[in-house]
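Asker: what's the 3D shape of this:
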Amino acid sequence: MPASRSAAQRRSRRLEKTDAVASARALLVEPTLGPVQTLEAYDPAVAEIEAVLEHRRALVAARTLGLHHVADQISKLPTETRDLLTTTGKIEARLRRLEGIDPDTCTTPAGKYRLCWLQNFIDQDSTARREILRLERLIDELLDNHDTTLRDEPGVGPISAATLLCEVGDPTRFDRESKFARWCGTGAVALSSGEGAGDPVKHRLDFRGDRRINSVLHIVSVTQQRTQPEAIAYLARKAGEGKTRREARRAHKRQLANRVIRRMWRDETARNQPLALAA
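Answerer: As a prediction, this is how the structure comes out:
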């Protein structure tokens, strides 16, 4: 097959992101698959963490959308009002500078209305930020009650740990690190099948897998590169082996995936031991 045809076929496969197609294919491969196990059936504590996490996620998404709209409205204010603001900096800081401006100074009715609306939005945004922080503290408390050690991994905060717990669910469903890596999209994918009879030398990004977990591992990798000598040395060693910056990052994420699933296995074993002794 011509290389252009095979490349087009690979691109078409990457564009298939519908859950229905993926579920149908999984069922065809394994027709004996059982029903989906909810987090409530696995662990009610994790299900509670998921409920709070989804609430926070919805608030963050709504606040982000609102701030995008604020940026558009600020750009439509009268020139004399915009001149009182800085042209750089975060949108939150620019929004709060509007609080001390008198709406009567606006020369147009539309500008006056926009300024009043933006000033009212400041209180709404402050309320949303306080609620988001409250939920983050609640998630931290729930993680303490769950006795997870995920936060002991450098770069894994409460939100990342909660995302890992909720997305993975029962970690024992992965019996090998390689299966977990493939599931979260950090497994190495050969770039080409035409590199000879030996093992592939070049690998590419895996476009499949759980993108939320992949994103968490990416954030952890970037954080560790800034603060952890081991991560700095690992990435430097990979660069010395001829890998590009992105290839070194993918290799580090693969290493982090191994460490995360092993930590979750140990936590699961520790949680089940008291139950086994009581029985």
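
Asker: Pull the contacting residues for Ser160.
Answerer: 150, 216, 219-220 (C-beta atoms under 8 Å, 6 or more residues apart in numbering). Where you see a C-beta, it was placed from the backbone N, CA and C, and this is true even at glycine.

Asker: And the lengthiest helix in the chain, what's buried?
Answerer: For the chain, the helix with the greatest residue count under DSSP state H is helix 109-146. Within helix 109-146, the residues scored as buried using 16 or more other C-beta atoms under 10 Å are 111-112, 114-115, 118-119, 121, 125, 128, 135-136, 138-139, 142-143, 146.

Asker: ok, now stretch 214-225?
Answerer: Result for stretch 214-225 [16+ other C-beta under 10 Å]: buried residues 214, 216-218, 220-221, 223-225.

Asker: Kindly report the same for stretch 225-234.
Answerer: 225, 231, 234.

Asker: Measure how buried Ala181 is and give me the count.
Answerer: Using other C-beta atoms under 10 Å, Ala181 has 24 other residues around it.

Asker: can you map out the helices along the protein?
Answerer: Under DSSP H, the chain gives helices at 3-14, 19-29, 39-42, 44-75, 79-82, 91-97, 109-146, 158-168, 177-183, 211-227, 229-240, 245-278.

Asker: mind checking which of these is nearest Pro103?
Answerer: Shortest distance between Pro103 and those, using C-beta to C-beta, is found for helix 109-146: 4.8 Å.

Asker: Low-confidence ranges, this structure, go.
Answerer: Within the chain, the segments meeting pLDDT under 70 span 1-27, 29-37, 189-207, 274-279.

Asker: how does it divide into domains?
Answerer: The record assigns the chain these domain ranges, following automatic domain parsing: 38-146, 149-191+203-272.

Asker: which one of those domains lies closest to Leu28?
Answerer: domain 149-191+203-272 (16.8 Å).

Asker: ok, Gln73 to Thr88 distance?
Answerer: 18 Å (C-beta to C-beta, to the nearest Å).

Asker: Looking at these two, which one has more neighbours?
Answerer: Taking other C-beta under 10 Å, Gln73 and Thr88 do not tie; Gln73 has more neighbours (17 against 7).

Asker: how about the nearest residue to that one, chain neighbours excluded?
Answerer: Arg114 (5.2 Å; C-beta to C-beta, 6 or more residues apart in numbering).
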